[in-house]
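Peer 1: Okay, here's the prediction I keep looking at, along with the sequence it came from:
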Amino acid sequence: MENTYKEIEELVRRHYVLLGQQRPDRIDRVSLSAPAFDAREALRAIRTILDGWISQGPNVREFERDFSKYVGCSKGVAVNSGSSANLLALLALKQVHGLKDGDEVIVPAATFATVAMPIVQVGLVPVYVDVCRDTLNIDPDQAAAAISKKTRVLMPVHTLGYPADMPRLMKVATEHRLLVLEDCCEAHGSTIHGKKVGSYGDIAAFSFFVAHNMTTGEGGMIVTEQETLEVACRSLREFGRCDQRNVASSRFYSDDVLVDFDRRYVFDHIGYNLRMTDIAAAFGIEQLAKLEEMNRRRRANAALLKELLREVAGPLLELSPEQDGYVHTYYTFPIVLHEKLECTRREFAEHLESKGIETRPLFAGCLPDQPGLRQAPGRVVGKLPNSRFLRDRLVFIGIHPALDERHMRYVAETVAGFLHGKGI
């Protein structure tokens, strides 16, 4: 077996060397994301398959331990997506802390759909509040003003890798006795004065989608310090199975109905099957080892692009600032078109796309404006002027480690060409 693996290892390493040599070196193609893995991830995944661990197993346990430690938490629960992480985190909060149907969760209005959708799915009510125009993150003052007698959870999102103002948000949560669920799906490694996002609240969710700062293809992780939440998430992840921690020493379960029944097949909650596979976790282990370097390259690209865009566009484009002590990990690079720039978001995006630069809007734009959420339970606080402005005036582009200085200069030249065409 070991000789077979050595032969495979040599072939895989050779494949990735050849792949790197054959990849076209184009600067006129700026994708939103690109594969950020090599022979190390592939070989760990192959070894996992050869060893027979294709469902949840030792790689998942190792990845849970390593990733939660990296974030600064003692407990991690791996799942099959970031959306599932949000869903299970909400269910666990509801189960452990006695939330009732109709209780409210405060969320930013300008974010991705699977911030609000799991809230509705578990019987809670999203409360949409405005974001800060510069950081794109939930406005702490607006969040505080939105609290009602039914509010139980505050759910900040670290948008595109920029840390939300957790010191102020935690103060609001403490004053009003709110639970805090951090959505860190786009913010792997982002920090505030050295403390990583995901380690502030009661529980946090991460995504490992293929385009994110690190990936398992599909996948997610829940981190927490609370053992009760960890146990609830593990149960809900696996069909609602009862606590398995002592199954080796206490295998059989009895109650008023079941007598000496195998504890591994006792289900004390209504649950799901949202497990991560060992193959996905194999990727995650290797990706985590590279995360800091990949983030460093994202930040270097962003710093250069900001400098170049300021030179060609001045105040016509609004670029995210970096508050002292806040480390932005740039899942993508947001560009906001100032009101003085007389064009539409579509015009700007189509120009970039015509030059090979992929673009996207700020996810769902403004969540309560989405067709699927207009008739769903929810409460809107205020007119959400910033969220709706960003809906109509923001595009984001790729900033990933496969891009370099040449691509950043090409983006700036393309923007300059657009402005020249507008007579600016």
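Peer 2: Sure, I can see it.

Peer 1: quick one: the helices in the chain?
Peer 2: 2-22, 39-50, 58-71, 82-97, 113-121, 140-145, 166-175, 227-237, 278-313, 345-354, 371-374, 385-393, 405-421 (DSSP state H).

Peer 1: out of the ones you listed, nearest to Gly271?
Peer 2: For the helices of the chain, proximity to Gly271 was assessed by Cβ to Cβ; helix 227-237 is nearest, at 4.6 Å. All C-beta atoms are positioned from the backbone trio N, CA, C, and that covers glycine.

Peer 1: CA-only coordinates of that closest one in CSV, if you can.
Peer 2: Output for helix 227-237, consisting of C-alpha atoms alone and laid out as CSV, is shown next (Å, rounded to 0.1, in the frame of the first residue of the first chain):
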residue,chain,number,x,y,z
GLU,A,227,-20.2,23.2,25.8
THR,A,228,-24.0,23.2,25.8
LEU,A,229,-24.0,24.8,22.4
GLU,A,230,-21.4,22.4,21.1
VAL,A,231,-23.4,19.4,22.2
ALA,A,232,-26.6,20.8,20.7
CYS,A,233,-24.8,21.5,17.4
ARG,A,234,-23.4,18.0,17.2
SER,A,235,-26.8,16.4,17.9
LEU,A,236,-28.6,18.6,15.4
ARG,A,237,-25.8,17.9,12.8
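
Peer 1: what is the mean pLDDT for it?
Peer 2: Computed over helix 227-237, the mean pLDDT rounds to 97.

Peer 1: again, but for stretch 73-86
Peer 2: Mean predicted lDDT for stretch 73-86 stands at 98.

Peer 1: Flag every buried residue along that stretch.
Peer 2: Judged by neighbour count using 16 or more other Cβ atoms under 10 Å, the buried positions of stretch 73-86 are 73, 75-86.

Peer 1: distance between stretch 271-290 and the chain's centre?
Peer 2: In terms of Cα atoms, centre = their mean, to the nearest Å, the centre of stretch 271-290 is set 15 Å apart from its chain centre.

Peer 1: Stretch 369-380 too?
Peer 2: 22 Å.

Peer 1: Going forward, count from 10.
Peer 2: In the new count, where the first residue is 10, that last one comes out as stretch 378-389.

Peer 1: neighbouring contacts of that stretch?
Peer 2: Counting by Cβ atoms under 8 Å, 6 or more residues apart in numbering, the neighbours of stretch 378-389 from elsewhere in the structure are 113, 118, 122, 125-126, 129, 134-137, 155, 373, 376-377, 397, 400.

Peer 1: middle-most residue in this protein, spatially?
Peer 2: Closest to where the C-alpha atoms of the chain average out (Cα atoms, centre = their mean) is Cys194, at 1.0 Å.

Peer 1: Return the most buried member of the helices of the chain.
Peer 2: Most buried of those, by mean neighbour count (mean count of other Cβ atoms under 10 Å): helix 91-106, with a mean of 25.

Peer 1: Show the contacting residues for Asp252.
Peer 2: For Asp252, the contacting residues are Val240, Ser244, taking Cβ under 8 Å, 6+ apart as the criterion.

Peer 1: tell me what the helix or strand of the chain with the lowest mean pLDDT is packed against?
Peer 2: Every helix and strand in the chain was compared by mean pLDDT, DSSP states H and E; the lowest is helix 11-31, with a mean of 83. Here helix 11-31 is seen to pack against helix 48-59 when contacts are counted using 3 or more Cβ pairs under 8 Å, 6 or more residues apart in numbering; DSSP states H and E.

Peer 1: now the helix it packs on: mean pLDDT?
Peer 2: Per-residue pLDDT over helix 48-59 has a mean of 93.

Peer 1: how much does it deviate in direction from helix 67-80?
Peer 2: With axes from the mean of the first three to the mean of the last three Cα atoms, to 10 degrees as the basis, helix 48-59 and helix 67-80 are set at 140 degrees to each other.

Peer 1: Need the residues that contact helix 48-59.
Peer 2: Outside helix 48-59, the residues touching it (Cβ under 8 Å, 6+ apart) are 10, 13-14, 17-18, 21-22, 24-25, 63, 68, 287-288, 291-292, 294-296, 298.

Peer 1: one more time with 6 Å, if that's ok
Peer 2: For helix 48-59, contacts defined as Cβ atoms under 6 Å, 6 or more residues apart in numbering pick out Glu18, Val21, Arg22, Tyr25, Asn68, Asp287, Ile288, Ala291, Phe292, Glu295.

Peer 1: again with stretch 415-427
Peer 2: Ile36, Val39, Asn310, Leu313, Leu314, Leu317, Leu318, Val321, His360, Lys364, Ile366.

Peer 1: just stretch 78-88 next, same as before
Peer 2: Contact partners of stretch 78-88, identified using Cβ under 6 Å, 6+ apart, comprise 69, 72-73, 76-77, 94, 205, 207-208, 229-234, 239, 242-243, 246, 283, 285.
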